[in-house]
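Colleague: Just to be clear, the model below is a prediction. Sequence and coordinates:
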Amino acid sequence: RALTLKLTDLRTLHVGEREAQARELAAQEAQRPFDLVHGPLLRVELLRLAEQEHVLLLTMHHIVSDGWSFGVLVGELSECYRAYVSGRAPELPPLAWQYADYARWQREWLQGRVLEEQLGYWTKRLSADPPVLELPLDFPRPSVPSGRGALHSVVLPPELVAAAKALSQREGVTLFMTLLAAFKVMLLRYTGQTDVVVGTPLAGRNRHETEGLIGFFINVLVLRTNLSDNPTFRQLLSQVREVCVGAYAHQELPFERLVAALQPDREKAQMPLYSGAFNLQSTPGAGMTLPG
């Protein structure tokens, strides 16, 4: 289905009303459902606020994009715009692969011994059903997720971030591992559960051919840690490092294949295999999102 550009002219509104209306239209567009059968899965709308002031709305379904993809799209769109303004051809790097090439490679590679080895690792790690995090809640959990949760933002002081980086370097772990260990200690504190399972997204772009592609590459890794022996934080860091390194070495198995193989108990109110998520964003553009 051909992509069309919708133009909405807001110049008829009072100057003070245009930005508010643009925000309202953006919010409505973000919540408008996609037709996954007929498409398109990318919608573009241009809001004209003044003769030289516009807002471009780009809305993509997650089935064809991720946070990395958005960074690629914005970068290429910016280059095309600069080229158009200066009257030259856009300078875009050639692509060694299209998304279909990646899908074909994955189907051909992930079978036989490779598939057995990947499944074997995760089956051993998650053989017993991971427990649901029993977090203290102020309201009953809805039977069907609504997305109406609250957002609480905290800015870490620079000296705390520096200390976390220094600790990571001393202990031979990444900053992600240190923050994940701290997050799991917090979950232990609030739930009293020592078997702590957290889902985390990975960019899924291990081949250089995928770096410039727009598509959905994210995979979810399920990271399970046992805190029953009351480890010190250094001991926990070592355990988290071992868990993460093992998961990274077996990251090619799609999460949906893992769920199909393990067939855990399913509830509409919970993601299968994990009920808490942790993400340290470092992708180009808007970052990655994680179901949950």
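Modeller: That came in fine, so what should we check first? This structure is a prediction, so every number in the text was calculated from the model and none was measured.
Colleague: Sort out which residues of stretch 126-137 are buried, please.
Modeller: 126, 130, 132, 133 (16 or more other C-beta atoms under 10 Å). The way it works is simple: take the backbone N, C-alpha and C, and place the C-beta from them, glycine included.
Colleague: What of stretch 38-49?
Modeller: 40, 41, 43, 45, 47, 48, 49.
Colleague: Just checking the distance from it to the centre of its chain.
Modeller: 22 Å (C-alpha atoms, centre = their mean, to the nearest Å).
Colleague: Strands along the stretch 101-250 of the chain, start to end?
Modeller: Taking DSSP state E, counting those that start in this stretch to define them, one finds strands in the stretch 101-250 of the chain at 195-202, 219-226.
Colleague: out of those, nearest to residue 113?
Modeller: Of all the strands of the stretch 101-250 of the chain, strand 219-226 sits nearest to residue 113, with 20.0 Å by C-beta to C-beta.
Colleague: Walk me through which strands that closest one pairs with, and which way each runs.
Modeller: Strand 219-226 pairs in its sheet with strand 195-202 (antiparallel), by DSSP bridges.
Colleague: what sits up against the strand it pairs with?
Modeller: 130-131, 133, 180, 183-184, 187-188, 218-228, 248, 251, 271, 273-279, 288-290, 292 (C-beta atoms under 8 Å, 6 or more residues apart in numbering).
Colleague: pLDDT check: weakest of the buried residues of stretch 126-137?
Modeller: The pLDDT minimum for the buried residues of stretch 126-137 sits at residue 130, where the score is 85.
Colleague: Any figure for the gap between that one and residue 197?
Modeller: Per C-beta to C-beta, to the nearest Å, residue 130 is found 4 Å from residue 197.
Colleague: Now list whatever residues contact both of the two.
Modeller: In contact with both residue 130 and residue 197: 222, 224, 273, 274, using C-beta under 8 Å, 6+ apart.
Colleague: Can I get those in a markdown table including distance to residue 79, neighbour count and pLDDT?
Modeller: A markdown table is the format used below for the shared contacts of residue 130 and residue 197 (distance: C-beta to C-beta, whole Å; neighbours: other C-beta atoms under 10 Å; pLDDT from 0 to 100):
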| residue | distance to residue 79 | neighbour count | pLDDT |
| --- | --- | --- | --- |
| 222 | 38 | 22 | 96 |
| 224 | 43 | 18 | 95 |
| 273 | 40 | 20 | 91 |
| 274 | 39 | 27 | 92 |
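Colleague: Please tabulate these in TSV, including the columns distance to residue 192.
Modeller: Formatted as TSV, these follow (distance: C-beta to C-beta, whole Å):
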residue	distance to residue 192
222	21
224	17
273	21
274	18
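Colleague: quick one: which of the residues you listed is nearest residue 155?
Modeller: Of all the shared contacts of residue 130 and residue 197, residue 155 sits closest to residue 274, with 26.6 Å by C-beta to C-beta.
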